[in-house]
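Visitor: here are the coordinates; sequence isn't available:
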């Protein structure tokens, strides 16, 4: 078990649930907490968990936090420098990366180089720079334990398999989001409020919108390729509306191993802290007699083209993936501000990917520049 934890993104959904788990483990202490602009909530977390360091996204938010907790012996920092300090703070043995988007890439790399275990909830890190991140993890002997329910499920299914040649394919399950079964005509009329109503999970706004477009599953396909060093041809997606089977692994002999459980992120979060041990968890156990029928179907990539776009970018590799991710982050932010419609997300992201120069084997600097150019392309395409 890891006993001294930094949480990047402690006021978001994963961060709050991570702290809920930590509050039940008296031997686990908090080294650092970071947030965007939620000053009041981070101040409350600081008072409860007493970290060494607290970090906000902006100087103004950091100054406000410092005033709120001036009676506590907690250092306050801000921005990218603060995130990296939180990720590399001496003594911490695990960093949960729960920030959303590309902002998590540099701190994750810094934490790896500092020898910290990574509890990975920031899928964009592997989507945009997966090969670089995994190479660094191998170089520094760092464990990356996935926190996403699907990748944790695959991780658990593979715990007894030391040879990847035994694996035929990884099967990611997908709830289908709030618009499962809808036609293109129906999807033209959906609202933001509709898109934010996920049927099974309570998550942040950005990932919930990604679930409604199926882009989230596309990002997870790329993440699985990088995390488990598997080619695209060996990663599949199936729609599973009930979110009871969190993902599966098919082995070369035809056996399929599935990880099942109630849809509660605290289980994979706890495993990331306690691995290789398993300990009792506050998550309600799965009642097989009352969970209902479990169904599986093929994804609809015609009416939800973001998933097909993600497969195309995964096949291209190189800067196609960071271009897609950056463009999607920008487009979803615009959608959440009511500046564009639902199908505009796909249109803008697809066109931005084609507009940005493709590099097959990018450096970290080229990945970051691709992200910037893709976001810029979305803004220009939305406001010609």
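Guide: Received, thanks. Everything numeric here is computed off the predicted structure, so don't read it as measured data.

Visitor: give the residue farthest from the middle of the chain.
Guide: Most distant from the centre of the chain: residue 71, at 34.4 Å, with distances by Cα atoms, centre = their mean.

Visitor: quick check, residue 209 in contact with residue 333.
Guide: No: using Cβ atoms under 8 Å as the test, residue 209 is too far from residue 333 to be in contact (9.4 Å). The C-beta positions use only the backbone N, C-alpha and C, and glycine is treated the same way.

Visitor: out of those two, which sits in the busier spot?
Guide: Comparing residue 209 with residue 333 by other Cβ atoms under 10 Å, the one with more neighbours is residue 209, at 26 against 17.

Visitor: element containing the more buried one, please.
Guide: helix 205-213 (DSSP states H and E).

Visitor: check residue 44 too.
Guide: With DSSP H and E as the criterion, residue 44 is inside helix 39-49.

Visitor: packing partners for that helix?
Guide: When contacts are defined as 3 or more Cβ pairs under 8 Å, 6 or more residues apart in numbering; DSSP states H and E, helix 39-49 packs onto helix 13-23, strand 29-34, strand 53-56, helix 59-68.

Visitor: now what about the helix or strand that the last one is followed by, what contacts it?
Guide: The one in question is helix 59-68. Proceeding N to C from helix 59-68, the next assigned helix or strand is strand 75-78, under DSSP H and E. Contacts of strand 75-78 from elsewhere in the structure, counted by Cβ atoms under 8 Å, 6 or more residues apart in numbering, are 52-59, 61-62, 65-66, 69, 85-86.

Visitor: quick one: residues contacting residue 55.
Guide: Taking Cβ under 8 Å, 6+ apart as the definition, contacts of residue 55 comprise 32, 33, 34, 35, 62, 76, 77, 78, 82, 83, 85, 86.

Visitor: how many neighbours does the residue nearest to the fifth one when sequence neighbours are not counted have?
Guide: To tie it back to what came earlier, the one meant is residue 62. Among residues not flanking residue 62 along the chain, residue 78 sits closest, at 3.6 Å (Cβ to Cβ, 6 or more residues apart in numbering). The burial count assigned to residue 78 is 20, neighbours taken as other Cβ under 10 Å.

Visitor: so what's residue 78 bridging to?
Guide: Counting by DSSP bridges, residue 78 is bridged to residue 56.

Visitor: pull up the gap between it and residue 198, please.
Guide: For residue 78, the distance to residue 198 equals 31 Å [Cβ to Cβ, to the nearest Å].

Visitor: go on, residue 87?
Guide: Using Cβ to Cβ, we find residue 87 at a distance of 29 Å from residue 198.

Visitor: the two: which is more packed in?
Guide: Taking other Cβ under 10 Å, residue 87 and residue 198 do not tie; residue 87 has more neighbours (27 against 18).

Visitor: I'd guessed the more buried one sits against residue 113; true?
Guide: No: using Cβ under 8 Å, residue 87 is not in contact with residue 113, being 9.6 Å away.

Visitor: break this structure into its domains for me.
Guide: According to the domain assignment given by automatic domain parsing, the chain is divided into the following structural domains: 4-146, 149-263+284-316, 317-384.

Visitor: need the ones you listed in JSON lines with distance to residue 269 and mean pLDDT, can you?
Guide: Conversion of these to JSON lines gives the following (distance: least, Cβ to Cβ, whole Å; pLDDT from 0 to 100):
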{"stretch": "domain 4-146", "distance to residue 269": "5", "mean pLDDT": "96"}
{"stretch": "domain 149-263+284-316", "distance to residue 269": "9", "mean pLDDT": "93"}
{"stretch": "domain 317-384", "distance to residue 269": "23", "mean pLDDT": "96"}
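
Visitor: would you mind putting the ones you listed into JSON lines with distance to residue 272 alongside?
Guide: Supplementary listing: the domains of the chain in JSON lines, determined by distance: least, Cβ to Cβ, whole Å:
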{"stretch": "domain 4-146", "distance to residue 272": "4"}
{"stretch": "domain 149-263+284-316", "distance to residue 272": "7"}
{"stretch": "domain 317-384", "distance to residue 272": "22"}
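
Visitor: nearest to residue 274, of those?
Guide: domain 4-146 (8.3 Å; Cβ to Cβ).

Visitor: start and end of the closest one, how far apart?
Guide: Distances were taken as Cα to Cα, to the nearest Å; on that basis the terminal residues of domain 4-146 are 18 Å apart.

Visitor: any idea how far the residue nearest to residue 62 lies from residue 59?
Guide: In this structure, residue 78 and residue 59 are 5 Å apart, going by Cβ to Cβ.
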